[in-house]
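Colleague: make a model of this:
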Amino acid sequence: MKKILVLCTGNSCRSQIAHGYLEYFAGDKAEVYSAGVETHGVNPKAIATMKEDNIDISSHTSNNVLEYKDIDFDLVITVCDNAKERCPYFPSNAKLFHYNFPDPAKATGTEEEIKAEFARVREMIKTYCEKFVAEEV
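Modeller: As a prediction, the model looks like this:
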């Protein structure tokens, strides 16, 4: 079973969405963790946008990457440039991946426009995760 870590800045949105999809697509072939270089709590809009696609991330927690320093990950994915630049080094033989997804939490406009941006980014992450699991897990 592969151990996958998804990293973002605050472990509140993009990494949580990716965590949900990686678990969904990998099933029992992977153990998925997500963390941030900071912790901001799980964004309620991330929970809501995933619920619209029948994925429940409401029990996820926002974790700091240092909490996982003793786990030997096989695969590490950074989902934003800030996390890639700020991630502390910890010894690992993990294969590293990076994709800078837009941050839907920074969306502005009406509630509908913000909801649409969350859905747009969710679909980008879903597509990435499905392909990632098919190729790497």
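
Colleague: the spatially most central residue of the chain: what's it in contact with?
Modeller: In the chain, the residue lying closest to the centroid (Cα atoms, centre = their mean) is S15, at 1.8 Å. Listed by Cβ atoms under 8 Å, 6 or more residues apart in numbering, the contact partners of S15 are V6, L7, C8, S34, A35, G36, V79, A83. C-betas here are computed from N, CA, C, even on glycine.

Colleague: quick one, grab the pLDDT at the spatially closest residue to it that is not a sequence neighbour.
Modeller: Counting by Cβ to Cβ, 6 or more residues apart in numbering, C8 is the residue found nearest to S15 once chain neighbours are left out, at 3.6 Å. pLDDT recorded at C8 is 90.

Colleague: before we move on, what about C80?
Modeller: 83.

Colleague: that one and Y24, how far apart?
Modeller: The gap separating C80 from Y24 is 21 Å, by Cβ to Cβ, to the nearest Å.

Colleague: angles on the backbone of H98, please.
Modeller: Per-residue torsions, H98: phi -150, psi 140 (degrees, to the nearest 10).

Colleague: that one touches L75, doesn't it?
Modeller: No - between H98 and L75 there is no contact under Cβ atoms under 8 Å: 11.8 Å.
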